[in-house]
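**Q** Sequence and predicted model, in that order:
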Amino acid sequence: MKKLRVNTAGRGFLHVVSGTVIAQALTLVILPILTRIYSTEDFGALTLVTSITMLVTTFSTLRLETALMLPTAHRDVRALVSLSLLSASIVATITALIVFFIGLRDPAFDIHTGLPLWVFLSILLSAVYTVLNRLALRKGGYSEVGKRAVAQAIGTGGAQLALNPFPGGSLGLIVGSLIGRLFGLVPLYRYSRGYIGRTHRKIKIKVLREYWRFPVFFAPSAALNAFGVQAPLLFVTAWYGVAFAGILGVAERVIGIPMTLIGNAVAQVFDGEMARKIRAGRGGYVRPYMKVSLWLGVVALGVGAGFYLLGDWAVPIILGQEWALAGHCVSIMSITVAFRLVASPTSRVIGLFQRAGGMFVIDVCRSLSMLGAIAWVMFTQAPFLVAVSVMYYSLALIYVVTWVYALIVVVQESRKSERSVTGIVA
């Protein structure tokens, strides 16, 4: 802890993780109450909205929010922010229309009359948060990122509890989630001042030419990545029904706690510090990559073992006996969350080094692997828990491949930077 306090990355991690600890503690307190006042169908509706949001938000900004970590000129960052938010608004509108027409044809997706509106608002708010969060990380505002987690947890949990008495069932969960997103934007607002507003068209064209790889390669790659991750929830909704989607969604919430608590905190600080190293251009990327990976590996081993051993009996005790099936899902998904805890934060380097081709191949493999798993489940008419096993084990394998490729990237880029520095000195 003393070592962490004396360097920027360590202090940043402590700020972020302290906020997420408080936020996850609030979530753990509120979730058992919510599972007793909302039904599995209600959580299924929330799961569907959340899955669509996470699927679309990843590419709605054309991945330009990642690019805004790299420019040194203020006007370039401002242009990237403007383009990101414009793209997100258009994509959110198109997605809402698609959801509306799908709901007319498929009863599985017609879970709430206002679903298109909730999807639109959820995608837009998530995209705004993504952009503002990147701005905060760019300027080293780690404490505000930590405060954001607490504010969002308070807003979400409080609103979902308060809205339960109103009619509509799932409406309380969905609207409460949107209110929480609004709460989460408040601590990040001061980092957006000066970056949001009209930008000259020539500057927008300039940054698009300079960072064209992000919308051309990384956005489609992000869409494939998100599809691979969200496909199980979307497939379960369509194939097994909204109630089973709610069970799987709650299981995802439980295993997502360490990912939010540790993985996202590490990812955000690692992202910001690696971006600083890249802008400095001095190399030395392998050592921090391996240190973070080894530290996360130890944590992931404990987390995975804990979920595997305790999921079956602990989840029903905490959430209620009607959620026993979610406990079985948690045990099955323990291996996947362990690999994800290591691979997701460290794989940020692939985007920072603009390795679009390699990331695209990995994401294609993830999507094909998931489609193969889904096809097998449909062909064999596999029961729910078997389907969960097949889909999430295929995801675990891809996380291993992703980590290996990210290591190859940092090794190659370190060598390239060291040769460049040596040449300048010579």
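**A** Good, I have the coordinates.
**Q** Now for residue 244, how many residues are close by?
**A** Other residues lying near residue 244 total 22 when counted by other CB atoms under 10 Å. (Each C-beta comes from the backbone N, C-alpha and C, glycine too.)
**Q** Contact partners for it?
**A** Residue 244 makes contacts with 40, 44, 236-237, 384, as judged by CB atoms under 8 Å, 6 or more residues apart in numbering.
**Q** The protein - how does it break down into domains?
**A** Listed domain ranges for the chain are 1-211, 272-426 (source: automatic domain parsing).
**Q** Could you save those as a markdown table and add columns showing distance to residue 255, mean pLDDT and mean neighbour count?
**A** Formatted as a markdown table, the domains of the chain follow (distance: least, CB to CB, whole Å; pLDDT from 0 to 100; neighbours: other CB atoms under 10 Å):
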| stretch | distance to residue 255 | mean pLDDT | mean neighbour count |
| --- | --- | --- | --- |
| domain 1-211 | 12 | 79 | 19 |
| domain 272-426 | 4 | 85 | 18 |
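**Q** Compare the ones you listed and give me the one nearest residue 243.
**A** When the domains of the chain are compared by CB to CB, domain 1-211 sits nearest residue 243, at 4.3 Å.
**Q** Check the offset of the closest one from the chain's centre.
**A** Here domain 1-211 is found 9 Å from its chain centre; the criterion is CA atoms, centre = their mean, to the nearest Å.
**Q** just to revisit the earlier point, now the domains of the chain in a markdown table, with distance to residue 262?
**A** Shown next, in a markdown table, are the domains of the chain (distance: least, CB to CB, whole Å):
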| stretch | distance to residue 262 |
| --- | --- |
| domain 1-211 | 7 |
| domain 272-426 | 6 |
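**Q** sorry, back to before: which member of the contacts of residue 244 is positioned nearest residue 343?
**A** Checking these against residue 343 by CB to CB gives residue 236 as the nearest, at 23.2 Å.
**Q** Name the residues of the strand or helix carrying the closest one that come out as buried.
**A** Residue 236 belongs to helix 219-239 when assigned by DSSP states H and E. Within helix 219-239, the residues scored as buried using 16 or more other CB atoms under 10 Å are 219-237, 239.
**Q** I'd like to know which of the domains of the chain lies nearest to residue 258.
**A** Closest of the domains of the chain to residue 258 is domain 272-426, at 4.7 Å (criterion: CB to CB).
**Q** hang on, the earlier thing: helix 219-239 and the helix or strand following the helix holding residue 236, what's the angle between them?
**A** As assigned by DSSP H and E, the chain's next helix or strand after helix 219-239 is helix 242-258. Comparing the axes of helix 242-258 and helix 219-239 via axes from the mean of the first three to the mean of the last three CA atoms, to 10 degrees yields an angle of 140 degrees.
**Q** average model confidence for helix 242-258?
**A** Helix 242-258 carries an average pLDDT of 88.
**Q** going on from it, what's the next piece of helix or strand?
**A** Heading C-terminal from helix 242-258, the first helix or strand you meet, by DSSP H and E, is helix 264-280.
**Q** tell me what the top helix by length along the chain is packed against?
**A** Assignment by DSSP state H gives helix 384-425 as the longest helix of the chain. Packing partners of helix 384-425 (3 or more CB pairs under 8 Å, 6 or more residues apart in numbering; DSSP states H and E): helix 219-239, helix 286-319, helix 324-332, helix 334-346, helix 348-352, helix 356-380.
**Q** Pull the distance from stretch 354-366 to the chain's centre.
**A** Worked out by CA atoms, centre = their mean, stretch 354-366 lies 17 Å from the chain centre.
**Q** swap in stretch 368-386?
**A** Stretch 368-386 sits 24 Å away from the centroid of its parent chain (CA atoms, centre = their mean).
**Q** what helix or strand does the residue most central in space within the chain sit in?
**A** The centre of the chain sits closest to residue 54, judged by CA atoms, centre = their mean, with a distance of 6.9 Å. Using DSSP H and E, residue 54 maps to helix 40-60.
**Q** same for whichever helix or strand comes after that helix, what does it pack against?
**A** Later in the chain than helix 40-60, the nearest helix or strand by DSSP H and E is helix 64-67. Secondary-structure packing of helix 64-67 (3+ CB pairs under 8 Å, 6+ apart): helix 74-105, helix 115-138.
**Q** Contacts only, for residue 290.
**A** residue 407.
**Q** how close does it sit to residue 416?
**A** Distance, residue 290 to residue 416, by CB to CB, to the nearest Å: 18 Å.
**Q** Ok, residue 353 next?
**A** 10 Å.
**Q** got it, and residue 252?
**A** 39 Å.
**Q** ditto for residue 324
**A** Going from residue 324 to residue 416 by CB to CB gives 53 Å.
**Q** what's the answer for residue 279, then?
**A** Distance of residue 279 to residue 416, computed by CB to CB: 15 Å.
**Q** quick one: contacts for residue 207?
**A** Residue 207 makes contact with 67, 71, 76, 79-80, 83, according to CB under 8 Å, 6+ apart.
**Q** Apply 10 Å and report the result again.
**A** 64, 67-68, 71, 73, 75-80, 82-83, 199, 214 (CB atoms under 10 Å, 6 or more residues apart in numbering).
**Q** ditto for residue 49
**A** Residue 49 makes contact with 99, 111-112, 115, 118-119, 121-123, 170, 173-174, 177-178 under the criterion CB under 10 Å, 6+ apart.
**Q** if you set the cut-off to 7 Å instead, what comes out?
**A** Residue 49 makes contact with 118-119, 122, 174 under the criterion CB atoms under 7 Å, 6 or more residues apart in numbering.
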